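A.B. asks: Mind looking at a prediction? Sequence and model below.
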Amino acid sequence: MTPPPPPPAPTAILDRGRAVVATNGGLTGFIGPVANGGDKDAPRIAAAHKLDIRAADASGTSATTVDPVAKVVLDAFRVPTGPPADPAVPESAQLAGLAELAAAATSDPPAAVCRYSLPSFLLYDARGLQLFDAITKLPDDVYYLTGCEASILGDEGGAAAQIARDVPEGAVVLELGCGSMRKTRLLLEAMELSARDRGFTRPIHFYALDLDRGELEKSLAALAASPPANSKRWSHISFHGLVGTYEQGLSALRTTLSSAPQRVVLWLGSSIGNLTRAAAVTFLSSIRAHTQPHDRLVLGADHRNPRALVERAYNDPYGVTREFTLNLIDHINAHLAGDAPLPPRAFEFAPVYNTRAGRHEVYLRVLEPVDAVLAPADPQLAAALDPVRVRLARGELVHVEYSYKYNDADLAALLARSQWAVDAAWEDKGARYGLHLLSPAAIALSHPSPAPSSIPSLAAWDEVWRAFDFVTLRILRRAALAVRAIDVRHPFVFYVGHLPCFADVQLARALGEPATGPEAFPRIFERGIDPDLDDPTVCHPHSEVPETWPAVDEVVKYRDMVRERVRRVTVAGEVASEVAHALNMAFEHDAMHLETILYMVLQLDPSLVDATTLPPCLRAYPADYPPLPPAASLMVPRGTVVLGRSPDDGVFGWDNEFPASAPLPVGALAVQSRPVSVGEYAAFLRESGRRDLVPSSWKAEGEEWHVRSLAHAGGWLSIARNEQRVRDHAVSGISRLAADAYAAWWNRRFGSPPDTWRVPTEPEWVYARDLLAPGGEQPVCAGMAAGGVWGTAPMPVTSGGDAEWTAGGVWEWTATPFAPHGDRDAWRADPAYPGYSADFFDDGKHGVVLGASWATHPRLATRRSFRNWFQAGYMYAAVGVRLVKSVE
């Protein structure tokens, strides 16, 4: 928690000089003392956004580049908007904090109502910054965030040294909202020592960004004047101060700091918590947009901790946080005409920890009625702005600040949507706080899906193409392209040709034009194979299989020709419905086969995979990390569910998604809150002796199993040693036969007759998900973009009482055979691809899997009606299971 940004300001010039502050039109920035003459090498900040909030507040200073405090306050009270909405959080969860405050309120003051919200940056005038610094110095058993982050960075956690060792000479380190920089010192000291050990001849340039010039100058000067122990000076770090907003600091990354060999952005103190979850995605995406593959982001994030811990931290027994919050009224009054138009005695500090939304909320509660006319104290500003009359009733609330908390699922979703990968992560010993070293995601599939009846954008196509090329032509070594990683699938080179061939054939038919490229390619690349696992000689209709596949370079040339055709059709403007259908079908076909390729890679010998192309995705968990408790049993009442959807809804879908079924009855259920974990499945294998049901991406060494990982040294994670908490990941790569066997073992081991835990049917799974998952939508899984442990899951599952429908990052088996919803005679095959579903319907082999995995494209993962299917014995895909039981 450090100061959030005020509104962005237009461009201004920052002059610079040694240990001075230069001012230009009310905008300021300064360069602090420079160590070892490194100042001459520092990037010059010119035409960058800079703002001194104190200069903007001063009545005699030009402030044309930012809204003065008085205007901000008048705008906040001019139109009632309520507290900031967060589209990423269900509305009922957003309102839970206010409901709790209302329930706790007595009749005098009356129940809580919140009509107004003040920007939280108004908390941070000079006095506010001093009070906040005092909060961070409270005992660790009160305000734990600072101490936790310091312990992670210091000798106990060792994160600072690990981060520093990869920072090159000449790098730029930019800290957003630096505050007193007590924790930053740990990182800079580690960089100084690492630079000395590596013999750097050019310094690392540290830029500290904050809102208040005076506090920034004082903190930075103190830091620069206090070198590491046993050193007379900083020899490898140069110090620079920037006064401004987050957005203004990022503009420097895009411009004058862009030439550095590496840019490292520090965002510590769980400052991300001051943004809503939706705004956090937007802001991290903006940082990502300004970075190169070699840049890094160090992000601190507080966990969703127990209520008592959070409430003590944000409502300390010493009253410092209360004073910090109420100082907001004094800050506002200093900029308004009259003698304290908002009486400080009329307001009280009102905090609440909203556990459902995962955020702490701060409000001002009105203790006595307020009826005031607000006008700026500055005469010129008063002449330009109409005054605002404010009436506040006793008991009313004014929103001030959110402090969001992040569990593994929250963080993974955030990073997936903002396209960052986890290089390394650390937690304090109490698992209360996390620090994350992030890199721009090499594979990111978070581009928004197209609107109904539209076609995929070029940006969306480019994301999928880059991801597929990265896997097939960079992660895989050249020799791997000729390998059949799975006996019942073609070699990888087939898929390099299959994706463009499918798109080209569909477009050619829709456009009434000839196909692209070699005449023979559609005969061998149009359709793949899915032979019967019991009798591989039996297979659905497919393209002919050549004795020798074409050379990779020839296939890549063909791929590029087809992609150019797709681009040409996409940018042509409005297209016929048949062409739009072909483009959507080809796009989702590419996305589905990207997932196929990824789970196929996990079947390869590690020697065929270039692991250096992947982020390490490693987290430093304490050795005594608590074991995963059993899944909670969530009760679902009886009801009805409609599967599928109408073909007339205007949104693309595959033929097995249509039509909607009649309402289907579902009995009352107990549902496991999360999928089965790796540790639980390993216990089943040990006790049952079912070696035939070991997932294909596991290997045995004596009595111990290892899980395949593309992002771990050696390529495997030990279950016995619980490396990377692999025991807590959702088990992946199990067949339906294995899921049934696990359920039978579970009943013998933990059940009590007549209870029978089992694999859910498709109606049961969808019905339970609709009731238990927020909003009834399938959330986006986060493996690729969030740097998940490839092949297991993007994050460990948890036990909590809440349902987790994607936290484990796996598809989930159902007990339903693959067939149309409802009336078979009402179903119609898609004429553009009639065999897509029909070849596998009612064959007695294929069963429905639902949800999404760590490798599923968000467009598919978020569509409620999307279905996947595999043969009951198939044990290669990222599929797991959760169990249910009937309770009637």
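C.D. replies: Good, I have the coordinates.
A.B. asks: all contacts plus neighbour counts: C-alpha atoms, from now on.
C.D. replies: Fine.
A.B. asks: Could I get the phi/psi values of residue 878?
C.D. replies: Backbone torsions of residue 878, given as degrees, to the nearest 10, read phi -80, psi 70.
A.B. asks: And the most centrally placed residue in the chain, how far from residue 439?
C.D. replies: Taking Cα atoms, centre = their mean, the centroid of the chain lies closest to residue 414, which sits 1.9 Å from it. Residue 414 sits 14 Å away from residue 439, going by Cα to Cα, to the nearest Å.
A.B. asks: go on, residue 396?
C.D. replies: Residue 396 sits 44 Å away from residue 439, going by Cα to Cα.
A.B. asks: can you give me the helices in the stretch 451-600 of the chain?
C.D. replies: Counting by DSSP state H, counting those that start in this stretch, the segments of the stretch 451-600 of the chain that form helices are 458-470, 492-511, 521-525, 552-571, 577-601.
A.B. asks: ugh, wrong one, I meant the stretch 51-200 of the chain
C.D. replies: Counting by DSSP H, counting those that start in this stretch, the stretch 51-200 of the chain has helices at residues 53-57, 69-78, 91-94, 96-104, 126-136, 144-153, 159-164, 182-197.
A.B. asks: Same list, the ones you listed, but as CSV with mean neighbour count and mean pLDDT please.
C.D. replies: Formatted as CSV, the helices of the stretch 51-200 of the chain follow (neighbours: other Cα atoms under 10 Å; pLDDT from 0 to 100):
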stretch, mean neighbour count, mean pLDDT
helix 53-57, 22, 28
helix 69-78, 20, 94
helix 91-94, 16, 89
helix 96-104, 17, 90
helix 126-136, 18, 91
helix 144-153, 23, 95
helix 159-164, 20, 94
helix 182-197, 20, 94
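A.B. asks: Would you tell me which of the ones you listed gets closest to residue 427?
C.D. replies: Smallest distance to residue 427 across the helices of the stretch 51-200 of the chain (Cα to Cα): 6.6 Å, for helix 144-153.
A.B. asks: which residues of the stretch 401-550 of the chain score low on pLDDT?
C.D. replies: 444-453 (pLDDT under 70).
A.B. asks: And the average pLDDT for whichever helix or strand residue 253 is part of is what?
C.D. replies: According to DSSP states H and E, residue 253 maps onto helix 246-254. Taken as a whole, helix 246-254 carries a mean pLDDT of 82.
A.B. asks: ok, the next helix or strand after that helix: who's next to it in the sheet?
C.D. replies: Counting by DSSP H and E, the next helix or strand C-terminal to helix 246-254 is strand 263-267. The strands beside strand 263-267 in its sheet (DSSP bridges) come out as strand 172-176 (parallel), strand 296-302 (parallel).
A.B. asks: Could you dump those strands into a markdown table with distance to residue 238, mean pLDDT and mean neighbour count added?
C.D. replies: Formatted as a markdown table, the strands paired with strand 263-267 follow (distance: least, Cα to Cα, whole Å; pLDDT from 0 to 100; neighbours: other Cα atoms under 10 Å):
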| stretch | distance to residue 238 | mean pLDDT | mean neighbour count |
| --- | --- | --- | --- |
| strand 172-176 | 10 | 94 | 26 |
| strand 296-302 | 19 | 96 | 24 |
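A.B. asks: In CSV, list those along with distance to residue 731.
C.D. replies: Output for the strands paired with strand 263-267, formatted as CSV (distance: least, Cα to Cα, whole Å):
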stretch, distance to residue 731
strand 172-176, 39
strand 296-302, 27
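A.B. asks: Out of those strands, which gets nearest to residue 833?
C.D. replies: Short answer: strand 296-302, nearest of these by Cα to Cα, at 44.3 Å.
A.B. asks: Apart from its neighbours in sequence, what residue is nearest residue 670?
C.D. replies: Distances taken as Cα to Cα, 6 or more residues apart in numbering place residue 635 nearest to residue 670, at 4.6 Å, with adjacent residues excluded.
A.B. asks: can you count the residues close to the closest residue to residue 823 other than its chain neighbours?
C.D. replies: With Cα to Cα, 6+ apart as the criterion, residue 823 has its nearest non-adjacent residue at 7.7 Å, and that residue is residue 661. Here the count is done by other Cα atoms under 10 Å, and residue 661 has 18 residues near it.
A.B. asks: these two touch, right, residue 661 and residue 642?
C.D. replies: Yes: the pair formed by residue 661 and residue 642 meets the contact definition of Cα atoms under 8 Å, at 5.6 Å.
A.B. asks: those strands in the stretch 351-500 of the chain, which residues are they?
C.D. replies: Along the stretch 351-500 of the chain, the segments classed as strands by DSSP state E, counting those that start in this stretch run 359-366, 370-374, 388-392, 397-404, 420-427, 433-440.
A.B. asks: Throw those into a markdown table and include mean neighbour count and distance to residue 692, thanks.
C.D. replies: Shown next, in a markdown table, are the strands of the stretch 351-500 of the chain (neighbours: other Cα atoms under 10 Å; distance: least, Cα to Cα, whole Å):
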| stretch | mean neighbour count | distance to residue 692 |
| --- | --- | --- |
| strand 359-366 | 24 | 46 |
| strand 370-374 | 17 | 74 |
| strand 388-392 | 16 | 70 |
| strand 397-404 | 25 | 45 |
| strand 420-427 | 25 | 34 |
| strand 433-440 | 25 | 39 |
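A.B. asks: For residue 539, find the nearest of these.
C.D. replies: Nearest to residue 539 among the strands of the stretch 351-500 of the chain is strand 420-427 (39.4 Å), distances taken as Cα to Cα.
A.B. asks: Just name whatever secondary elements the closest one is in contact with.
C.D. replies: strand 433-440, strand 618-620 (3 or more Cα pairs under 8 Å, 6 or more residues apart in numbering; DSSP states H and E).
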